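Peer 1: how does the following fold in three dimensions:
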Amino acid sequence: KYACPTCEENIQTAPAPAKLLPKSNASATLLAYVATAKYQDALPLYRQSQIFARHGAEIPRNTLARWMVQAGGRLSPLIETLRQHLLTSPLIHMDETTLQVNQEEERKASANSYMWVQRGGPPGQQTVLFAYDPSRAGRVPVRLLGDYAGCLVTDGYEGYAEVVRRNGMTHAGCWAHARRKFV
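Peer 2: Now for the predicted structure:
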């Protein structure tokens, strides 16, 4: 609030900063904390809910989950900008790893899902993107790489062959996997 220090009239109040999730009581700081704890530190939401409760803040797990979904949606323009930056790189590294999703429509909790990781970008401006997909099929790298035509470094998994063929890419293998073929 601002006012004349002499007469204390004409009080002006600055508008509140825009919230990442309008009509939510979650601050940007709280959302960043929950996301970092979940995705960087592997702290599940049910455990975060228990930790908050010990400190006197009752935040149910489903509320935390809803916040993460909503925040992810709001961040999609940033992710798309990062993807466009990544695709300007002459070289992209890409790999996929298994991931278990406990509750996913029409899939058993024991079914494998995949986190696809891409890294590239100019030196000093590297971008790392993670993309979830329930499949390991070749259509996933086709979707993630679009019309990218640079050099793609992978572990030799045949699922990348379609995008390499379609886009006319140079397909390189990584040294860590190449050494397995030698004794």
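
Peer 1: any idea which residue is closest to the centre of the protein?
Peer 2: F130 (4.9 Å; CA atoms, centre = their mean).

Peer 1: following the longest helix seen in the chain, which helix or strand comes up?
Peer 2: If you go by DSSP state H, the chain has its longest helix at helix 61-74. Downstream of helix 61-74, the next assigned helix or strand under DSSP states H and E is helix 76-86.

Peer 1: what packs against that next one?
Peer 2: Judged by 3 or more CB pairs under 8 Å, 6 or more residues apart in numbering; DSSP states H and E, helix 76-86 is in contact with strand 112-120, strand 127-133. C-beta coordinates here come from the backbone N, C-alpha and C atoms, glycine included.

Peer 1: any chance of these in CSV, plus mean pLDDT and distance to T98?
Peer 2: What follows is these, written out as CSV (pLDDT from 0 to 100; distance: least, CB to CB, whole Å):
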stretch, mean pLDDT, distance to T98
strand 112-120, 94, 5
strand 127-133, 94, 12
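
Peer 1: can you tell me which of those is most buried?
Peer 2: strand 112-120 (a mean of 18; mean count of other CB atoms under 10 Å).

Peer 1: okay, and the beta partners of the residue nearest to the centre of the chain?
Peer 2: Counting by DSSP bridges, F130 is bridged to V117.

Peer 1: that one is in contact with L99, isn't it?
Peer 2: No - using CB atoms under 8 Å, F130 is not in contact with L99; the gap is 9.9 Å.

Peer 1: okay, and the common contacts of those two?
Peer 2: Residues touching both F130 and L99 (CB atoms under 8 Å, 6 or more residues apart in numbering) are M115.

Peer 1: thinking again about what came up before, out of the helices and strands packed on helix 76-86, nearest to G173?
Peer 2: The closest of the helices and strands packed on helix 76-86 to G173 is strand 112-120. By CB to CB, the value is 15.7 Å.

Peer 1: for the protein, give me the ranges with low pLDDT.
Peer 2: By pLDDT under 70, the low-scoring segments of the chain are 180-183.
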